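Trainee: generate coordinates for the sequence data below:
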Amino acid sequence: MNAGPYAAATDGLLQAGILIVSGEIRRNGGQPVLALEGLCKDFGGVRAVRNVDLQIFPGDRKAIIGPNGAGKTTLFNVISGILPATSGRVLVFGQDVTNWPSHRRTALGMARTFQITSLFPKLTVLDNVVLAIKGVRKTKFVTWRPLASYREVYEKAHHLLERLAFQDRKDVEVRNLSHGEQRQLEIVLGLASDPKILLLDEPAAGLSSGESREMAKFLTRLDPGLALLLIEHDMDVVFDVARHIFVLHFGEVLEGGATAQVRRSERVRQIYLGTS
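Mentor: All right, here's what the predicted structure looks like:
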């Protein structure tokens, strides 16, 4: 029986070693950048994260949503090594990093931003980026060596700012940037370690509607090969950036699927969006 042109095209992709999963194109046998297996986190008798399983592949744009207290930031803290897991595993490129400290996970290709902006307000944008680049290297600045001798570091900083359309603000002190620009700069600093996966904890937190739209545009300009996993309450940002959404409730993934599917879900409306 002729299954039609779609089936024929799908067969051709499979023969070429390409698999379509939830609307995303990915290589057969490709290893996930990040995998969680039965991940749990307890605080005394309270289970904040419950048996979370998920996989993030190169180029994925995925989001975790859920009401306040759902366990989203706790999950990020366990993934990034700030909090130890109670049980389950965290794997980065197949390497079990469950018991690794944060800096070793960074060296393997993981980076993370936080809800609260943490910048040097009296330094310039360029100086902040330079410090972020040096901060993830084995050698640090030394007082007897002139700054001009760190040519490669400055070249990388300029390249990063140019690629993310921040070069025109390189000499501006951070305290003179808008809040939205500071939130974007946080992400620029997160890219200083050349991560393969970037965890974004509410990148639109505290932004106006206009700044949130700019943040969504900024995120869509990031390297398409970089895997993104974001927590966000601003659903417009989620729908603009993410192609796949996980819904977390009381630490448990209740639903997961393509963005359009989750957006139409009556269960999600009832639990998260507050509609009946």
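Trainee: I'd say L126 and A157 touch.
Mentor: Yes. L126 lies in contact with A157 (C-beta atoms under 8 Å); the separation is 5.9 Å. Backbone N, C-alpha and C define where each C-beta goes, glycine included.
Trainee: could you look up the SS state of the residue nearest to the spatial centre of the chain?
Mentor: Centroid-nearest residue in the chain: L199, 2.7 Å away (criterion: C-alpha atoms, centre = their mean). Here L199 is recorded as strand under DSSP: H, G, I helix; E, B strand; the rest coil.
Trainee: nearest spatial neighbour of it, chain-adjacent residues omitted?
Mentor: Closest residue to L199 apart from its sequence neighbours, by C-beta to C-beta, 6 or more residues apart in numbering: R112 at 4.1 Å.
Trainee: from V268, how far out is the one you found?
Mentor: 25 Å (C-beta to C-beta, to the nearest Å).
Trainee: V268 belongs to a helix?
Mentor: Yes. Under three-state DSSP, V268 sits within a helix.
Trainee: show the pLDDT at it.
Mentor: V268 is assigned 82 on the pLDDT scale.
Trainee: how about the contacts made by it?
Mentor: V247, E255, V262 (C-beta atoms under 8 Å, 6 or more residues apart in numbering).
Trainee: same deal with F246?
Mentor: With C-beta under 8 Å, 6+ apart, F246 has these contacts: L54, K62, A63, I64, I65, V253, E255, G256.
Trainee: out of those, which is most surrounded?
Mentor: With neighbours taken as other C-beta atoms under 10 Å, the top of the contacts of F246 is I64, carrying 26 neighbours.
Trainee: give me the element that residue is part of.
Mentor: Taking DSSP states H and E as the criterion, I64 maps to strand 61-65.
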